[in-house]
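> the sequence isn't on hand, but the structure is:
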């Protein structure tokens, strides 16, 4: 591993290191070290979860502090370090997924474990024209984060130990290439799980390629290849796959308004030691209208396919910002074995400076299987959100999601009625 995460209680020491210049550096290096930019983020959030199962309701109050420093460049070289600490406040009546937490096995999950760690720490080089190389622990967000993202919603951000190169030499084109050795996941090193979906680290030898072209007036076009190799850790090899896809995202004038449209298709095949042989696909079709000074309305249809409906033959996106897709209740962080069809409609507007949003999802499976375990109806969900930004540095928000389970087979499989509420405030510097 490139870097070890730091134990709890070290946040003050880390913060001091972030702002202390090196006393032995030459003058020009000193200028680079002292002429950089500090950053800070403090977020306080309440999350409540109520589920129609044997688990007790979760009530989580957590505070997240993030401190960072990015140097100026010296002969093209730069560096960045960022520490992150999450603390639970109050009675801790929730399952944070961390080993030994009071709610483990008794309460619903709120995946914000207490942890203090290095969130980012990398060296960068930008001495070649239109090119930036980074080596170390870093944030990676590609396109809409459907395949590679930082899970920025959770208190503990997902970052990657990776070597990345971003090149903009070609007109209107951004090419991103990366080699990832570990996903530092939202569950932290304190996770009670060392394998599976809730593990704090997913070691790998994965290659990511993404080419984005914005030279057309009507849309940006993206081609990508995500070659995920989890063979170094046999517990995760079900995620090993090769995914190739194309994405088109654009808008066009329509009177005084704008027509919005997105289309995306990807094919995924098992690879790199995956014991299950499968081929399946991903499809997204979305259309909408941006009515000037009024609202944005969208209608979408997203399919994460399944080859046969059997376990581990479904389309997977293990590096994604999953909370942003298929409902805020997080019922489908892992794609069901039979795949997932999500038909959704959303509306967003701004009233008296407050950003307001509403969304509705209808969930179905992609393929049928023989026998009593066949799921057709995966339920539906609606959500509401309101946020207010003050002076660019302060944000407050309120969000609610209500998921209703589908048919009896879906309920038997664990898809239960779930309600979630969030209230938060954040400060950025």
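Arrived safely, thanks for sending. Please read these numbers as outputs of a predicted model, since none were measured by experiment.
> ok, residue 160 - how many residues close by?
Neighbours of residue 160 under the rule other Cβ atoms under 10 Å: 28. Where C-beta positions appear, they are placed from N, C-alpha and C, glycine not excepted.
> Provide the partner residues of it in its beta bridges.
Bridge pairing for residue 160 (DSSP bridges) gives the partners residue 138, residue 183.
> ok, it touching residue 135?
No - if you go by Cβ atoms under 8 Å, residue 160 and residue 135 don't touch, sitting 11.4 Å apart.
> which SS state does residue 195 fall under?
Secondary structure state of residue 195, per DSSP: H, G, I helix; E, B strand; the rest coil, is coil.
> wait, what's in contact with the closest residue to residue 354 other than its chain neighbours?
By the measure of Cβ to Cβ, 6 or more residues apart in numbering, the closest residue to residue 354 outside its immediate chain neighbours is residue 388, 5.0 Å from it. Neighbour list for residue 388: 353, 354, 355, 395, 396, 397 [criterion: Cβ atoms under 8 Å, 6 or more residues apart in numbering].
> residue 424 versus the residue nearest to the first one when sequence neighbours are not counted, what's the distance?
In this case it means residue 353. Residue nearest to residue 353 in three dimensions, not counting chain neighbours: residue 388, with 6.3 Å by Cβ to Cβ, 6+ apart. Distance of residue 388 to residue 424, computed by Cβ to Cβ, to the nearest Å: 11 Å.
> overlap in contacts, the two.
Jointly contacting residue 388 and residue 424 under the rule Cβ under 8 Å, 6+ apart are 395, 396, 397.
> what is the burial count for the last one?
Burial measure for residue 397: 18 neighbouring residues, criterion other Cβ under 10 Å.
> how far away is it from residue 42?
14 Å.
> partners of the helix or strand harbouring the residue nearest to residue 354 in the sheet?
Assigned by DSSP states H and E, residue 388 belongs to strand 377-390. Neighbouring strands of strand 377-390 in its sheet, by DSSP bridges, are strand 354-364 (antiparallel), strand 394-404 (antiparallel).
> packing partners for the helix or strand following the last one?
If you walk from strand 394-404 toward the C-terminus, the next helix or strand you reach (DSSP H and E) is helix 408-412. Secondary structure elements in contact with helix 408-412, counted by 3 or more Cβ pairs under 8 Å, 6 or more residues apart in numbering; DSSP states H and E, are strand 377-390.
> contact partners for residue 142?
Residue 142 sits next to 148, 149, 176, 208, 210, 224 when contact means Cβ under 8 Å, 6+ apart.
> which among these gets closest to residue 198?
Of all these, residue 198 sits closest to residue 149, with 17.9 Å by Cβ to Cβ.
> state the phi and psi torsions of the closest residue to the closest one other than its chain neighbours.
Leaving out its chain neighbours, the residue that sits closest to residue 149 by Cβ to Cβ, 6+ apart is residue 321, at 3.2 Å. Dihedral angles phi and psi of residue 321 (degrees, to the nearest 10) take the values phi -90, psi 80.
> contact partners for residue 321?
Residues in contact with residue 321 (Cβ under 8 Å, 6+ apart) are 141, 145, 146, 149, 150, 151, 152, 153, 158.
> in TSV: the residues you listed, plus secondary structure, distance to residue 263 and pLDDT.
TSV is the format used below for the contacts of residue 321 (DSSP: H, G, I helix; E, B strand; the rest coil; distance: Cβ to Cβ, whole Å; pLDDT from 0 to 100):
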residue	secondary structure	distance to residue 263	pLDDT
141	coil	21	99
145	coil	18	98
146	coil	13	99
149	coil	20	98
150	coil	25	98
151	coil	25	98
152	coil	25	96
153	coil	26	97
158	coil	27	98
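> filter the residues you listed down to the buried ones, PyMOL style.
To isolate the buried subset of the contacts of residue 321 in PyMOL, counting by 16 or more other Cβ atoms under 10 Å, use the following:
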select buried, resi 145+146+149+150+151+153+158
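> can you put the contacts of residue 321 in CSV and add distance to residue 115?
CSV is the format used below for the contacts of residue 321 (distance: Cβ to Cβ, whole Å):
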residue, distance to residue 115
141, 21
145, 22
146, 26
149, 20
150, 16
151, 14
152, 16
153, 16
158, 13
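> going by distance to residue 60, which of the contacts of residue 321 wins?
Top of the list for closeness to residue 60, among the contacts of residue 321 and by Cβ to Cβ, is residue 153 at 13.7 Å.
> contacts only, for that closest one.
Going by Cβ under 8 Å, 6+ apart, residue 153 touches 321, 323, 324.
> ok, it to residue 32 distance?
Computed as Cβ to Cβ, the residue 153 to residue 32 distance reads 34 Å.
> residue 178 now?
In terms of Cβ to Cβ, residue 178 sits 25 Å off from residue 32.
> residue 346 reaches residue 381, doesn't it?
No - when contacts are counted by Cβ under 8 Å, residue 346 is not listed as touching residue 381 (11.9 Å).
> these two - which one has more neighbours?
Neighbour totals were compared for residue 346 and residue 381, and residue 381 leads with 24 against 17 (other Cβ under 10 Å).
> surely that one and residue 400 touch.
No - judged on Cβ under 8 Å, residue 381 makes no contact with residue 400 at a distance of 10.9 Å.
> need the shared contacts of residue 388 and residue 424 in JSON lines with pLDDT and distance to residue 365, can you?
Shown next, in JSON lines, are those (pLDDT from 0 to 100; distance: Cβ to Cβ, whole Å):
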{"residue": "395", "pLDDT": "98", "distance to residue 365": "37"}
{"residue": "396", "pLDDT": "98", "distance to residue 365": "38"}
{"residue": "397", "pLDDT": "98", "distance to residue 365": "32"}
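> residues contacting residue 368?
Residue 368 makes contact with 309, 338, 374, 376 under the criterion Cβ under 8 Å, 6+ apart.
> out of the residues you listed, which one sits closest to residue 93?
Nearest to residue 93 among the contacts of residue 368, with distances taken as Cβ to Cβ, is residue 338, at 34.0 Å.
> buried sites along stretch 178-195?
By neighbour count with 16+ other Cβ under 10 Å, stretch 178-195 contains the buried residues 178-180, 182-192.
> inside strands: which ones of these?
Counting by DSSP state E, those place 178, 179, 180, 182, 183, 184 in strands.
> could you identify the most distant pair in those residues?
Taking Cβ to Cβ, the two most distant members of these are 179 and 184; they sit 15.5 Å apart.
> just among the contacts of residue 142, which is most surrounded?
In terms of neighbours by other Cβ under 10 Å, the contacts of residue 142 top out with residue 148 at 26 neighbours.
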